[in-house]
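Enquirer: okay, sequence plus prediction incoming.
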Amino acid sequence: QVQLLESGGGLVQPGGSLRLSCTASGQTFSNYAMGWIRQAPQKEREFVAGVSQSGISTYYPDSMKGRFRISRDNAKNTVDLQVNSLQPEDTAIYFCAALKRIATLPSGKLTYEVEYWGQGTQVTVSS
């Protein structure tokens, strides 16, 4: 079992930035690729970013490239998501996830499978 606890969400004005953090406990953190997935009201879950076990490889859907940056610190069992130039459409619950797998298909699309979920942190972008 891996327990994931997110922090750093809140209310931010359009154009602002946030840094979300996720702290893991339980099984060996470095065994897992990690990801951030968000869910906006009345919308499907949307993959935001992923990072490999070592932290060397990162994964972003085309729609997320440029404003989102994922990083991890295996010594501290943390994975962070820096989000810049926030817009109202970024309003969502952001979930940290330990991934069973993540890969980029030949088409360029990402494929992933979540093994453990955090409870989520709310991000609201509003003036």
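Expert: On my side now, so go ahead. Since the model is a prediction, treat every value here as computed from it, not as a measurement.
Enquirer: which strand in the protein runs the most residues?
Expert: strand 92-104 (DSSP state E).
Enquirer: parallel or antiparallel, which strands does it pair with?
Expert: strand 33-39 (antiparallel), strand 110-117 (antiparallel), strand 121-125 (antiparallel) (DSSP bridges).
Enquirer: got those strands as CSV, with distance to Val48 and mean neighbour count columns?
Expert: (C-beta placed from N, C-alpha, C; glycine too.) Formatted as CSV, those follow (distance: least, CB to CB, whole Å; neighbours: other CB atoms under 10 Å):
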stretch, distance to Val48, mean neighbour count
strand 33-39, 4, 24
strand 110-117, 11, 15
strand 121-125, 11, 18
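Enquirer: next, format these as JSON lines and append mean pLDDT.
Expert: Below are the strands paired with strand 92-104 laid out as JSON lines (pLDDT from 0 to 100):
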{"stretch": "strand 33-39", "mean pLDDT": "98"}
{"stretch": "strand 110-117", "mean pLDDT": "96"}
{"stretch": "strand 121-125", "mean pLDDT": "97"}
